[in-house]
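**Student:** 3D model of this:
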Amino acid sequence: MSQPAPVSRQPHIIEAAELPDRYARGWYCLGLASEYTSTPVKLNYFGTRLVAYRGEDGEMHVLDGYCPHMGADLSEGCVEGNSIRCPFHAWRWGADGVCDDIPYAKRIPAKAVIRSYPTLEENHLLFMWFDPEGNPPIEEQRPPRIDDVFSDEWTIWQMDVMSINTNARELIDNMADVAHFGPIHGAPIKEFKNIVYKHTYCQQLTGGSELLAEDGELQSEATYHGPAYMNTYMTGQVEGMEVASRLLVTHVPIDLNSFDLRFGVAVKKIAGMSDEQNNEMARQYTEQNRTAFFQDVHIWHTKTRVDNPVLCDGDGPINRLRQWYQQFYVNVADVPEVFAERREYVVDYALRNT
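**Tutor:** Have a look, this model is predicted:
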């Protein structure tokens, strides 16, 4: 009996286009607001140097970090009122980026202006707005208030900062990549849904977790508000007790091929437990969350970028997620209207398991 002729298959060639020299438009979290004072802070973000400081008005200010006079690093200078004075020739720059004093000049040059970035403080965090077009913040994209983190019933943010040597899209892919939860996190998924609406992308899942749910059930709702700020509400178990937590995952690009990632955890205190017991419970659950998250970090550090992934029917809406993410890399006028319509993408595990 003759055998069927073998099917000729060509190997798939991975494609990765050269990255455009552009950063996504949106709000970026710079960490805990309490960490910033009148002492200038050096920030290496968006392929350049920035400086952040709190003025005498109590407001946070972020400016371009290099003085356009002779190139000095303004973060090495000092704050005066709401302005910052350059350490090299003592030119002083206001919170609006306009030079307001040159001690040895009769006239300040009209070109003596540097870029000033809008800031806000919310959820005990500091944010800055970045837009390559220079437009003001979009009101509906303001990070929403999380009442839990202002409640005495919750612990304060426990924050980690780490540098990841890859493009930020690798991090964003996790929102749709349902198939990685089992192999990487030991978290088999029972239900999985993505919801896309305007500048938000939501991931809802139910499943298990060796680290975060023990023998119980893990439920999670994670939402990106813009390209770089994600908050999660999650319930799981630790030592047989039900635990609710808030996770913060946010990044700021250092350059096109690296970013600083901030990972925070806040945990709801358990009624009937002492402050000492709650603090220990929160510490344990925070450590377990970190362990789970760092499993992803190892992959990001070792993988390559793939623009044309070979996908199967169980991978989740990865291409749709990437289309959503791309809206932050084009001018506001060019954002597709399709994202104004709320859409859901469900991975049907009931059908798959029959």
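
**Student:** all contacts plus neighbour counts: C-alpha atoms, from now on.
**Tutor:** Noted.

**Student:** so for stretch 263-272, what's the average pLDDT?
**Tutor:** The average pLDDT for stretch 263-272 rounds to 90.

**Student:** Could you tell me how far Ser38 is located from Asn231?
**Tutor:** Noted for Ser38: a distance of 29 Å to Asn231, by CA to CA, to the nearest Å.

**Student:** Any buried residues in the lengthiest strand in the chain, and which?
**Tutor:** Longest strand in the chain, counting residues (DSSP state E): strand 241-255. Applying a neighbour-count criterion of 16 or more other CA atoms under 10 Å, the buried positions in strand 241-255 are 243-255.

**Student:** Taking their axis directions, the following helix or strand past it and strand 241-255 sit at what angle?
**Tutor:** Going down the chain from strand 241-255, the next helix or strand is strand 258-267, by DSSP states H and E. Inter-element angle recorded for strand 258-267 and strand 241-255: 160 degrees (by axes from the mean of the first three to the mean of the last three CA atoms, to 10 degrees).

**Student:** got the angle between the helix or strand following strand 258-267 and strand 258-267?
**Tutor:** Following strand 258-267 in sequence order, the next helix or strand is helix 275-302 (DSSP H and E). For helix 275-302 against strand 258-267, the angle by the same axes, to 10 degrees is 160 degrees.

**Student:** tell me which residues in helix 275-302 are buried?
**Tutor:** 278-279, 281-283, 285-286, 288-290, 292, 296-297, 300.

**Student:** what's the most distant pair in these?
**Tutor:** Using CA to CA, the two most remote members of the buried residues of helix 275-302 are Asn278 and Trp300, lying 33.1 Å apart.

**Student:** out of the buried residues of helix 275-302, which one sits closest to Pro309?
**Tutor:** Trp300 (15.6 Å).

**Student:** Is that closest one in contact with Glu170, as I believe?
**Tutor:** Yes. Assessed by CA atoms under 8 Å, Trp300 is found in contact with Glu170 at 6.8 Å.

**Student:** where exactly do the strands run in the stretch 51-200 of the chain?
**Tutor:** Secondary structure of the stretch 51-200 of the chain (DSSP state E, counting those that start in this stretch): strands at 60-64, 78-80, 83-85, 92-93, 99-101, 116-117, 119-122, 125-130, 158-164, 189-197, 200-207.

**Student:** So what are the sheet partners of the fifth one and their directions?
**Tutor:** Looking back up the chat, that one is strand 99-101. strand 92-93 (antiparallel) (DSSP bridges).

**Student:** now the partner strand: mean pLDDT?
**Tutor:** Computed over strand 92-93, the mean pLDDT rounds to 98.

**Student:** Disregarding residues adjacent in the polypeptide, which is nearest to Arg25?
**Tutor:** Spatial nearest neighbour of Arg25, excluding adjacent residues (CA to CA, 6 or more residues apart in numbering): Asp131 at 4.5 Å.

**Student:** Thanks a lot, see you next time.
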